[in-house]
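Chemist: Whatever this is, show me its structure:
(chains A, B, C and D)
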Amino acid sequence: MTPQDIASKLKAKFGDKIVAETLDVHDPFCQVDPMSIAEVCAFMKDELGFNYLRCLSGVDYMDKKKTTDDLGVIYHLGAIPDASLLFCLKVILPRTGAKVATVENVWSTADWHEREAWDMFGIDFVGHHNQTRILCAEDWVGHALRKDYKSPDEYHGIRNNVV
Amino acid sequence: MVGPMSVPLRLPRLRKRTSPKAMASPANIQEINFNTDAATRDNVLISSLDKVLNWTRKSSVWPMTFGLACCAIEMMATGASNYDIDRFGSGPFRATPRQADLMIVAGTVSLKMAPRVKLLWEQMPEPKYCIAMGACTISGGPYIKYGYHVLKGVDRLIPVDVYIPGCPPRPEALLEGLFRIQEKMKYERILDRTREGLRPEVLVD
Amino acid sequence: MPNQFTFVRDILDLGGDSFWGFVAAIAVWAAPITGFVSLIGLVAVWLERKISAHIQCRLGPMEVGPHGLLQTLADGIKLLGKEDLVPDKADRVLFALAPMIVFAATYVSFAVLPFSQDGVIVDLNIGIFFIAAVGSLEAIGVVMAGWSSNNKWSLFGAIRAATQVVSYEVPLGLTLLAGVVCAGTMSLNEMTMAQEGWIWSWFIFRNPFMWAVFLIYFTASLAECQRAPFDLPEAESELVSGFHTEYSGMRFAVFFLAEYGKMYVVSALGVVMFFGGWYSGIPMLDNIGGLPGNLIGAGIMVTKSMILVCVQMWIRWTLPRIRLDQVMDICLKYLLPLALGLLMLVALWQGILPGEKRFGIVMIVAMIFAFLKMRTMVRNVMSKSSQQIELPVFKV
Amino acid sequence: MSEVNQMQASKQGDVASEEMLLNMGPQHPSTHGVFRVVIKTDGEIVTDAESHIGYLHRCFEKICENVNYTMATPYTDRLDYLMAMGNNLGYAMSVERLMDVEIPERASYIRVIVTELSRIASHLLAIGTYGMDIGAITPFLYCFRDREKVLTILETICGQRLNYNYVRIGGVAYDMDDAMLKMCGEFCKYFMPRVMEYNDLLTYNGIFIQRTANVGILTAEQAIDFGCTGPVLRGSGIKRDLRKDAPYSLYDRFDFEVPVGAGEAGTVGDCFDRYMVRMREMIESVKIVEQALSQIEAGPFKTDKIKAKPKPSKGDAYTAVENARGELGFYLISDGSDTAFRLKCRSPAFSNVSVLHEMCRGAMVADVVAIIGSLDIVMGEIDR
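Modeler: Now for the predicted structure:
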């Protein structure tokens, strides 16, 4: 199944919920509407055979010139044992009130990956059963991988500054 | 010289950590002068007992099984066949802090882990020693600049006796660190309390 | 039987029935046992570290004394000087009492252990029964330690210890009974004397079923001592340090000493029951008598026991740990019925051929033959199991 | 502890068995670092388990956004510090993919050799510590004895014992001379009989089989659902190895098997299967090294098209390699500068350990240790 086939099948099924498609890059991808990502993923798993979520990454697209300040979630899908079946889904979210549907019911591995994205970027996964911090301490302030994050000077009385 | 029995033999007392500020005050120096008359200091029995006790301590430094990151692998290698830390009496890695003498902080301490490191240190019985193994525990190492979640040096948390640089240090370096700790133990005062806790600069003869 | 150490008897008689005489006698006897237990602890710990090191391609303690001989001494004195910690919410009385009870259970057993013909402190006529009784006291101490520490790992260790020790008492008791059936007495001294003569008069050779009884006894005694592969109460990789997780300094050292003392006690008991106690197996050597005879006897007895202790260590550093349910399976499903059956067979043999010693020669020949064949047997079993689970086989 | 007090309080009433919360880690002898798992037990039976990670969160991704591509390579070493060569390789390949450069053949061979040696070292440690978790301490020291031999070779090649920083973007840091290649060959000859020794000591041991067979069964469906890869997935009977299925570097030139679990001692997907997969993978790695040694030819060891500060073109790519623990992926977004815009590391152990609570249910406390050991976690990689 080529990326073109996958993209056309998605378009046929979901119509305008597939916001955009880019197929001539390293990892061909479709951009999906945030709240319908769960059903798109369920379709991908059940109908197209993507039974394996390789990677779920949060991204902060804010660059140095601040031309954009969007957040994103990127889903790299694959299949086991068929390693040639690859596709990528992207979701673009506004910086404040970033909300996206959870896919933990589609692939259980998304549970921890989504918790990590929440911890690092503050992306709210709607419907996640246990959206708590996973890497940073539970009472950590801020979301560390956002580009405008400033590291705290003190944590529980422990100096955290460099000098 | 006064005979050895003129000094009451006291039970082994624990190493006291006196803050340098308190030591330097004139009142304290007075007190020390009062205690350190020649008779008690040159006491043969007590200083030889001290030597024996120091020898036992330095001969059996039991480290705690406390691996955090990469350095822990080198710590394991130090305990394994090729380097064999057991030759120097430090073989029994104790899993519980209650039975350990030496805490080898081996690896990066994150801020989430820091309170637990402190707790473990406090659970160890005196006399206890600490080796900061590897760059991360000395200063944060490679993570010092952008590592928002990394403790920049374990000496911000607990007192450290010996620092071993390296990322990670070789097993030989860890053995050398152990020898430095043993060197330190060799000259401690346990029974001869007249000199206990004294730093060289305030020792008035 | 005349006691060579009459001066002690004199002290005992001096006091007569008075209280102070009693105390004096206790003090006189307690001193050598204390010394012996400490010595056994020192030597056994050193041996353990050296044996483990050599099994693992290491050297073990080398720097503290020649070949690390003073290592354990240094450890002991250091532990004396450590801070004595009692956890904040621990039950202080029980916490302090537990190591004493564990140690006492081991310590008291030495009172009836024979070292040589006259070298026994109290020749109790129910000696074997006494050891079994005080030995199980240890479980109480361990449970106290685990409970009072106020630590969940300790509690786990204590409960495991209680389960294990109480269960293994049963097969252990049955094997002890087999020894009693063979000897016709419960006194350890008389039991040894029943094995006088050439090496084939030892019970393990004399009775064709006693070697199997010995295997059960040895397994059960490993479990009683909580040694690997039955070291669940202090399983380091599971329960941190088990019931003595919260113990530091001297209290921990007492636990340690008790463990090695107990290892010696079960080994010595095994030697008395199966390997002819202080007899060397050569009558000329055993008939010397007097003080030299006693000294030689004591030397033989301690050597035999230490060999068994070394076997315990060898097993510890070779085998993985068994899980709790498997430990109970081994005890209740296999050891217990086997021990019962063997007890009957031993008794049957004893009834048919009560004084027959010469059968031992047959057994010795058979055992040597089996030992020589064992290598190929083990290989066969291994290759069979490797076929069964298809492990990779390489050209060596 | 409050639970103990509760038990005391409840003993006046009828015999009520209460569940006990048991906190294992972050400082525990067999949690392989600073992993923490809270287990709910009913006596010795585990009714539920919850994993807590993050005690070694070292901000890898943040650092990579702040230092240039070459400077970020040493940080990848410290992700999975047991197989640092594999991490270097994955990272270098992800940058090279965005730059569209070809790597000289000799460099690729050297990469394969060091990666496979590193894999052997990693599996040796996994097997050794697994034996220690089960209670057999001696195999651990035997494994370390042989691991030192691998480390000596790698140290001769690049000067470090653990964190090599050897596989660089565009090739490798230094060339391997003939003496080093000979050392590798000698190690392969030395190593094969040693594996039999481990088998005698551990694999054939009845107690070991009893402790691992039918324990911690992970079905194939569960494994895929939780994104498990590497020996954990292969232990469940699924033949998936990126070296074979999506060959990268030069792996399509070598002849090797992908061992999978077959339930030899119990059920498919139990701890014993995962252990055996690692055991056999070491043999396959030795085979690959031997083939690579016979095929390697003279040539440049790095490409001269890449400068000290590489600047990949704008774009993003996800590149995965098969590490000792499974699929190690790097998702790299480049904005055209000499610093990564975003580097996400998909660590295999992160996904592998997320299935722990499923495997622990109904097991005994001693089994939890066996299961954690069979997953072969490395906290540096999980917490990054």
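
Chemist: tell me which strands and helices the helix or strand encompassing residue D:282 is in contact with?
Modeler: In this structure, residue D:282 is located in helix D:271-295 according to DSSP states H and E. Judged by 3 or more Cβ pairs under 8 Å, 6 or more residues apart in numbering or on different chains; DSSP states H and E, the packing partners of helix D:271-295 are helix D:105-134, helix D:178-198, helix D:206-212, helix D:231-235, helix D:365-375. Placement of C-beta: from N, CA and C, glycine included.

Chemist: Show me what residue of chain A gets nearest to chain B.
Modeler: residue A:151 (3.6 Å; Cβ to the nearest Cβ).

Chemist: just checking, that residue touches residue A:160?
Modeler: Yes. Counting by Cβ atoms under 8 Å, a contact exists between residue A:151 and residue A:160, whose distance comes to 6.7 Å.

Chemist: Tell me the spacing between the residue of chain C found nearest chain D and residue C:65.
Modeler: Among the residues of chain C, residue C:321 lies nearest to chain D; the distance is 2.7 Å by Cβ to the nearest Cβ. When Cβ to Cβ, to the nearest Å is applied, the distance between residue C:321 and residue C:65 equals 32 Å.

Chemist: Also residue C:42?
Modeler: When Cβ to Cβ is applied, the distance between residue C:42 and residue C:65 equals 11 Å.

Chemist: if we can go back for a sec, which of the helices and strands packed on helix D:271-295 sits closest to residue D:254?
Modeler: Distance to residue D:254, taken as Cβ to Cβ, is lowest for helix D:105-134 among the helices and strands packed on helix D:271-295, at 7.6 Å.

Chemist: Tell me what angle that closest one forms with helix D:178-198.
Modeler: If you take axes from the mean of the first three to the mean of the last three Cα atoms, to 10 degrees, helix D:105-134 sits at 30 degrees to helix D:178-198.

Chemist: Past helix D:105-134, which element shows up next along the chain?
Modeler: Moving toward the C-terminus from helix D:105-134, the next helix or strand (DSSP H and E) is helix D:138-158.

Chemist: Which neighbouring elements make contact with that next one?
Modeler: Judged by 3+ Cβ pairs under 8 Å, 6+ apart, helix D:138-158 is in contact with helix B:70-79, helix D:105-134, helix D:178-198.

Chemist: need the ones you listed in a markdown table with distance to chain C, mean pLDDT and mean neighbour count, can you?
Modeler: Supplementary listing: the helices and strands packed on helix D:138-158 in a markdown table, determined by distance: least, Cβ to the nearest Cβ, whole Å; pLDDT from 0 to 100; neighbours: other Cβ atoms under 10 Å in any protein chain shown:
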| stretch | distance to chain C | mean pLDDT | mean neighbour count |
| --- | --- | --- | --- |
| helix B:70-79 | 9 | 89 | 26 |
| helix D:105-134 | 4 | 91 | 26 |
| helix D:178-198 | 5 | 86 | 16 |
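
Chemist: The ones you listed into TSV, with extra columns for distance to chain A?
Modeler: Rendered in TSV, the data for those read as follows (distance: least, Cβ to the nearest Cβ, whole Å):
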stretch	distance to chain A
helix B:70-79	18
helix D:105-134	19
helix D:178-198	27
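
Chemist: would you turn these into TSV with distance to residue B:168?
Modeler: Below are the helices and strands packed on helix D:138-158 laid out as TSV (distance: least, Cβ to Cβ, whole Å):
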stretch	distance to residue B:168
helix B:70-79	4
helix D:105-134	14
helix D:178-198	22
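
Chemist: residues in chain A within reach of chain B, list them.
Modeler: Counting by Cβ under 8 Å from any Cβ of the partner chain, the residues of chain A lying close to chain B are A:135-137, A:140, A:144, A:149, A:151-152, A:155-156, A:158-162.

Chemist: ok, residue C:42 and residue C:65, which is more surrounded?
Modeler: Set side by side, residue C:42 and residue C:65 give different neighbour counts by other Cβ atoms under 10 Å in any protein chain shown, the larger being at residue C:42 (19 against 16).

Chemist: would the more buried one count as being in a helix?
Modeler: Yes. When classified by DSSP: H, G, I helix; E, B strand; the rest coil, residue C:42 is found to be part of a helix.

Chemist: Pull the contacting residues for it.
Modeler: Counting by Cβ atoms under 8 Å, 6 or more residues apart in numbering or on different chains, residue C:42 touches C:72-73, C:76.

Chemist: What residue in the stretch 201-350 of chain D comes nearest to chain C?
Modeler: residue D:264 (4.0 Å).

Chemist: so that residue, which of the three states?
Modeler: With three-state DSSP as the criterion, residue D:264 reads coil.

Chemist: Find the residues that touch each one of residue A:151 and residue A:160.
Modeler: Here residue A:151 and residue A:160 share the contacting residues residue B:148, scored by Cβ under 8 Å, 6+ apart.

Chemist: Spit out the contact partners of residue 156.
Modeler: Unless you meant another one, I'm taking chain A. Residue A:156 makes contact with B:111, B:114-115 under the criterion Cβ under 8 Å, 6+ apart.

Chemist: My question was about chain B, not that one.
Modeler: For residue B:156, the contacting residues are A:158-159, by Cβ under 8 Å, 6+ apart.

Chemist: quick one: it from residue A:34, how far?
Modeler: The spacing between residue B:156 and residue A:34, counted by Cβ to Cβ, is 42 Å.

Chemist: same check, this time on residue C:55
Modeler: 61 Å.

Chemist: Sticking with the spatially closest residue to residue C:144 that is not a sequence neighbour, tell me its helix or strand.
Modeler: Nearest residue to residue C:144 in three dimensions, chain neighbours excluded: residue C:98, at 4.1 Å (Cβ to Cβ, 6 or more residues apart in numbering or on different chains). Taking DSSP H and E as the criterion, residue C:98 maps to helix C:92-109.

Chemist: Then residue C:262?
Modeler: With the criterion set as DSSP H and E, the secondary-structure element containing residue C:262 is helix C:249-274.

Chemist: Show me which residues of that helix are buried.
Modeler: C:249, C:251-274 (16 or more other Cβ atoms under 10 Å in any protein chain shown).

Chemist: Now stretch A:102-110: buried residues?
Modeler: Along stretch A:102-110, these residues count as buried under the neighbour rule (16+ other Cβ under 10 Å): A:102-104, A:106-110.
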